[in-house]
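Q: coords below, sequence missing:
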C-alpha cells in the first residue's frame, strides 16, 4: 500500500487510497474541516498518488520516484496550488482564471493535472462563479481539490458539484505519536497539544515546533480571562498586546509545512520572527494576527461555556482551569453562548474585508463582564 502522510481520518484515507489505486478519482473533491486538521495534507497525498510513477498502483505514492519528490517540494509541473493573497487574504477571479487556463492544458509529466485550492472558503463570489465553469465542464484528466474550513461560505452551486469529505478532529493518541515521530515533542506534550488544539494535527505541530507561539497563545488566553473583569478602558488598551502576540501565533501557523517541516523550516521561522520584530506588521499580517487571536478566543469562550455548565474535564485550557472555573461562576452561560455567535459573525466579517482592529475592538467591548456575586 502507498505511503500517505495523513494521520487519522480513516474513512477519508480509504477513499483517497481507492481513488489512487483505481485511477478514477472524482473530478472535484471538497475537503471540509477545521484549520489545521489535515485537509491540505490529504490533498497532497492524493496528488502524490495520482502522479507517482510506481508501476504497481497499490504502491502509490512510493515517495521515492521523481514525481513523488517533486510533489513533496512543490515543483511538479502538473500540480497547481492556489492560495489566498493580499491584505484581505482572498482568492480572486484572476487567480482562478489562471488556474483554469493551466488545468485546460494536457499533463506535462503525469497522467493528470491536479489543482489544489487551499482555504477555498476565501474564494470571493466572483472567483467562485469563475470556478463553476471548470466544475461544470471539467477538462479530461483533471482533478480539482478544494480545502475549506467552512463549506457554508461557498456557493451552493460550487458545493453541489463536488464530492464532499468532512475531516473531523484527530484522536489524541494519533497526534501524540505524530509529534514523537517528528521529534518535536514527547508523548505527554503531544497529548497536551492535542487537547489544546482540539485534535488538529497541523495546529499541534505548529505549536510544538515554536516555543514563541506556545507562549503567545498562552498570553492571549490568560489576557482574555483577565479582561472579563476589566472596564471599557482596560479592554480597549489590550488591543496592541493581543495584536503583537497574534502576529507571532499567525506566523507560526503560516510557516508550518504540510508534514511538519524540519530544521530548515525552524530556521526560517527564526529569521522571519527577527524580521517582523524590526518592522511594523503589514496589513495582511495584522489581519492574520486578529484571525489567530479569534481562534484562541473561541477556545476560551467555549471553555467558559462548558465551565458555566459545571464541566471541567472537557476544558481545553487546562493551565487556566482554576481561573476559568472561577470566572464562569460569575457569568451567565447564555451570555457566553451569545458571544460565541457574535465571535463567529465577526470572524466571517473579517474574511469579508472588515477592518481587523475595529473587529477586535467590537469583540473586546462585547466580551462578557464577570459580575461579583452579591453578598
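A: Perfect, thanks for sending it. If you're wondering where the values come from, they're calculated on a predicted model, not measured in any experiment.
Q: shouldn't residue 301 be in contact with residue 341?
A: No - Residue 301 is beyond contact range of residue 341, at 10.2 Å (criterion: CB atoms under 8 Å). Backbone N, C-alpha and C define where each C-beta goes, glycine included.
Q: between those two, who's got more neighbours?
A: Taking other CB atoms under 10 Å, residue 301 and residue 341 do not tie; residue 301 has more neighbours (21 against 9).
Q: quickly find the element holding the closest residue to the more buried one other than its chain neighbours.
A: Once flanking residues are discounted, residue 301 sits nearest to residue 340: 5.2 Å by CB to CB, 6 or more residues apart in numbering. For residue 340, the host element (DSSP states H and E) is helix 333-351.
Q: packing partners for that helix?
A: Counting contacts by 3 or more CB pairs under 8 Å, 6 or more residues apart in numbering; DSSP states H and E, helix 333-351 is packed against helix 283-308, helix 356-366.
Q: list of residues touching that helix?
A: The contact list for helix 333-351, computed with CB atoms under 8 Å, 6 or more residues apart in numbering, reads 89-90, 121-122, 153, 287, 290-291, 294, 297-298, 301-302, 304-305, 308-309, 328, 354, 356, 359, 362-363, 366-368.
Q: one step back: of all the helices and strands packed on helix 333-351, which one is nearest residue 70?
A: Of all the helices and strands packed on helix 333-351, helix 283-308 sits nearest to residue 70, with 28.7 Å by CB to CB.
Q: elements contacting the helix or strand following that closest one?
A: The helix or strand immediately downstream of helix 283-308 is helix 321-328, counting by DSSP H and E. Where contact means 3+ CB pairs under 8 Å, 6+ apart, helix 321-328 is packed against helix 211-226, helix 283-308.
Q: quick one: buried residues of stretch 218-226?
A: Buried residues in stretch 218-226, counted by 16 or more other CB atoms under 10 Å: 218, 219, 220, 221, 223, 224, 225.
Q: what's the answer for stretch 148-158, then?
A: 148, 149, 150, 151, 154, 158.
Q: among these, which are in helices?
A: Judged by DSSP state H, the subset of the buried residues of stretch 148-158 located in helices is residue 158.
Q: on that earlier part again, what's the angle between the helix holding residue 340 and helix 283-308?
A: 160 degrees (axes from the mean of the first three to the mean of the last three CA atoms, to 10 degrees).
Q: how far off centre is helix 333-351?
A: Centroid separation for helix 333-351 versus its chain: 19 Å, with CA atoms, centre = their mean, to the nearest Å.
Q: quick one: mean pLDDT for that helix?
A: Averaging pLDDT along helix 333-351 gives 87.
Q: tilt between that helix and helix 321-328?
A: Angle of helix 333-351 versus helix 321-328, following the same axes, to 10 degrees, is 100 degrees.
Q: okay, domains of the chain per the record?
A: 10-166, 209-366 (automatic domain parsing).
Q: need those in a markdown table (columns: distance to residue 184).
A: Below are these laid out as a markdown table (distance: least, CB to CB, whole Å):
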| stretch | distance to residue 184 |
| --- | --- |
| domain 10-166 | 15 |
| domain 209-366 | 5 |
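Q: phi, psi for residue 81 please.
A: In terms of degrees, to the nearest 10, the main-chain angles of residue 81 are phi -100, psi 140.
Q: so who does it touch?
A: Here residue 81 is in contact with 74, 115, 116, 118 (criterion: CB under 8 Å, 6+ apart).
Q: neighbours around the second one, how many?
A: In terms of burial, residue 115 registers 24 neighbours under the definition other CB under 10 Å.
Q: now the contacts of residue 81 in CSV, with secondary structure?
A: Below are the contacts of residue 81 laid out as CSV (DSSP: H, G, I helix; E, B strand; the rest coil):
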residue, secondary structure
74, coil
115, strand
116, strand
118, coil
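Q: farthest-separated two in these?
A: 74 and 115 (13.6 Å).
Q: contacting residues for residue 79?
A: Each residue near residue 79 by CB under 8 Å, 6+ apart is listed here: 47, 51, 70, 71, 113, 114, 116.
Q: redo the contacts of residue 81 as CSV? Include pLDDT and distance to residue 200.
A: Converted to CSV, those look like this (pLDDT from 0 to 100; distance: CB to CB, whole Å):
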residue, pLDDT, distance to residue 200
74, 92, 22
115, 96, 24
116, 97, 19
118, 95, 15
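Q: are any of the residues you listed buried, and which?
A: Buried among these by 16+ other CB under 10 Å: 115, 116, 118.
Q: check contacts around the last one.
A: So the one you mean is residue 118. Listed by CB under 8 Å, 6+ apart, the contact partners of residue 118 are 40, 81, 82, 83, 84, 147.
Q: mind putting those into TSV with distance to residue 230?
A: Shown next, in TSV, are these (distance: CB to CB, whole Å):
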residue	distance to residue 230
40	38
81	43
82	42
83	37
84	34
147	38
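Q: in strands, which of the residues you listed fall?
A: 81, 82, 147 (DSSP state E).
Q: list just the nearest of those to residue 98.
A: residue 82 (8.5 Å).
Q: okay, and the helix or strand of the chain with the least pLDDT?
A: helix 263-277 (a mean of 41; mean pLDDT, DSSP states H and E).
Q: with that, I have no additional questions.
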